[in-house]
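[1] Would you be able to build a 3D model of this:
(chains A and B)
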Amino acid sequence: MNFNNNNQIRVRFAPSPTGHLHIGGARTALYNWLFARGHDGVFILRIEDTDLSRSTEQAINQIMNSLRWLGLDWDEGPETGGIYGPYRQMERLDLFRSAAERLLAEGKAYYCYCTHEELEEQRRQARSQGRPVVYQGCCRNLSAEEGRLLREEGRQPVLRMKTPASGLTVVRDVIKGDVKFENAQLGDYILMRSSGVPTYNFAVSVDDATMKISHVIRGDDHLSNTPRQLLLMEALGFQPPVYAHLPLILGADRTPLSKRHGAVSVEEFRSRGFVREALCNYLALLGWSFDSDTNLFSIAELTGKFSLERVGTTAAAFDEDKLTWMNGYYIRNMPAAELAGRIVNFLPTSRLAGLPGRKGKPGVADLVPLVQEKMKTLADFIRLTDFFFLPIKFEAQSLGKLEHDANSTAILRTVSGILNGLTDFSAGHIEEELRQAAAEMEIKLGKFLQPVRIAVSGKLVTPGMFETLAVLGRQESVSRIQTTLAMLEAAQTDNKSI
RNA sequence: GCCCCCAUCGUCUAGUGGCCUAGGACACCGCCCUUUCAAGGCGGCGGCGGGGAUUCGAAUUCCCCUGGGGGCACCA
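    Here you go, the predicted structure:
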């Protein structure tokens, strides 16, 4: 049986819809996608929703949204369709059932009537006797009559695989090499639940085969399931795909990634202002490398350079510092108009929502040139530019510094006068005038500008002062300086702190 | 308890017996640039988990230990 027609590369990402798209799942999806795109292959999205109690429609949508946001488009899958569909396992039940019947008819599987309690007891005993904690096959040789009687007791059977009692099953893994498993360790695992819904191992085997998957690229946690799937493939007469098991991603403290590590879902990173280019680039490098010194890769470069052979074997710790650095890199190197668009999309859920561009206020595009090289995340735009839109809030120490500097008042008066008289309120012209004023007062530019910065923004750190004033406009700039000046003078008259 | 995987700077990694007095990136620390902060430039700090074995020679091969991770579900 030629399972892989035309030797076409067909890979799949097969999440179970029980929550957001995890950073680990995102990397798995990315690697599959890169592999497909780099080999003229097909990338398939398959939803593994056989856990009825945990799967939700909402999770399916969240996962698809996250994949789309990352730019990982699928060629076959839910909503897209494809000739090997449907692409949700709960819509493929007939396929699993006929495969189950075949195994049963050929004596390769059998019904098991053990109850949860009985199984629990068996496991407890196995553990205490140091045996593998797998099903020992009590129901394996039940006669038809015995089965009928148990059924009459009201027991709903599950279908179990007849696993060979001896021998080895070898997983040939592109990343791990040949991994040997003793069949005796595998046990007679469950294929069909008593509800008639297949279990993971069964569904995945049938689907990978019937969807003609050529390469299974997935997390390490599935490695020890692979021999069970291999046995199934063999029993059903399918040729198995090539396997590649990726090492897991750990938290910064090298413990398994979980909510307590902060952001773990793609959605969270997105809402914190990370851009897809950085997330994809960072994730690509978490477990894969191209050479000894390249770190930055565009999506196109990744597509051309990614290979399974260069995927590492060590579990990688997620380092948000490096992601943040990379995010800043992509933000700095983005065309200003592109960045502005991203910020506009990002802002609606923030405290700046609806403000940019409103009556007399600067627009996002006006501010991007002032803050682009200072931003590490899209959220930084808010921190950096809020004073343009919101009432000034003097941050800690800012007023104190103003008071402490004996020249503050004089500088502010001078600057206010200069700005008020300017007809050309461009950044260049403002710079010219203020530099000259600073020179005349024999004050270094940095010291000269700091009171102005505090007066118009309330902050110790802002974008470049000349550009900031220009965007603020003459009226607003002068008015802010005057207001601050008045506070300062009042405080000095009263001889007390502001 | 049983099975499996993994092990180079704090982190991501390069390295497949001599090119390694172990290279790059993030972080950190200095200096330069500078209008604050970033960015950028230059420099620095910092690592082959331990023990055996093979070899003229081991980060690289083998064994043991230790440590981490995964699995052993009518979860995926």
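
[2] I'd like the distance between the residue of the stretch 1-150 of chain A found nearest RNA strand B and A:Ala455.
    Closest approach between the stretch 1-150 of chain A and RNA strand B, counting by CB to the nearest atom of the strand: A:Glu48, at 3.0 Å. Using the backbone N, CA and C atoms, a C-beta is placed for each residue, glycine as well. The spacing between A:Glu48 and A:Ala455, counted by CB to CB, to the nearest Å, is 60 Å.

[3] Check A:Glu467 too.
    16 Å.

[4] Looking at those two, which one has more neighbours?
    A:Ala455 (26 against 20; other CB atoms under 10 Å).

[5] tell me the contacts of the more buried one?
    Residues counted as contacts of A:Ala455 (CB atoms under 8 Å, 6 or more residues apart in numbering) are A:Leu402, A:Leu412, A:Arg480, A:Ile481, A:Thr483, A:Thr484, A:Leu485.

[6] try 7 Å
    A:Ala455 makes contact with A:Leu412, A:Arg480, A:Ile481, A:Thr484 under the criterion CB atoms under 7 Å, 6 or more residues apart in numbering.

[7] does the closest residue to the second one other than its chain neighbours count as helix, strand or coil?
    Nearest-residue entry for A:Arg480: A:Val456, 4.5 Å, with adjacent residues in sequence omitted and distances by CB to CB, 6 or more residues apart in numbering. The three-state label for A:Val456, taken from DSSP: H, G, I helix; E, B strand; the rest coil, comes out as helix.

[8] Ok, the one 4 residues further on next?
    At A:Leu460, secondary structure determined by three-state DSSP is coil.

[9] what about it, how many neighbours?
    A:Leu460: 14 neighbours (other CB under 10 Å).

[10] any idea how far it is from A:Val415?
    A:Leu460 is 17 Å from A:Val415, by CB to CB.

[11] cool, and A:Gly107?
    92 Å.

[12] Of these two, which one has the most company?
    A:Val415 (27 against 8).

[13] Next up, the contacts around that one.
    A:Leu434, A:Val452, A:Ile481 are the contacts of A:Val415 under CB under 7 Å, 6+ apart.

[14] Verify the stated contact: the last one with A:Arg453.
    No - if you go by CB atoms under 7 Å, A:Ile481 and A:Arg453 don't touch, sitting 10.7 Å apart.

[15] And those two? Which one has more around it.
    A:Ile481 (23 against 20).

[16] List the contacts of the spatially most central residue of chain A.
    Centroid-nearest residue in chain A, with CA atoms, centre = their mean: A:Val266, separated by 2.7 Å. By CB under 7 Å, 6+ apart, the contact set of A:Val266 is A:His20, A:Leu21, A:Ile23, A:Ala26, A:Ser66, A:Leu70.

[17] Leaving out chain neighbours, which residue sits closest to it?
    Nearest one to A:Val266, counting by CB to CB, 6+ apart, is A:Ser66 at 4.0 Å.

[18] where does that neighbour fall, helix, sheet strand or coil?
    helix.

[19] hang on, it packs against A:Ile23?
    No - counting by CB under 7 Å, A:Ser66 does not reach A:Ile23; the two are 10.2 Å apart.

[20] Perfect, I'm done here.
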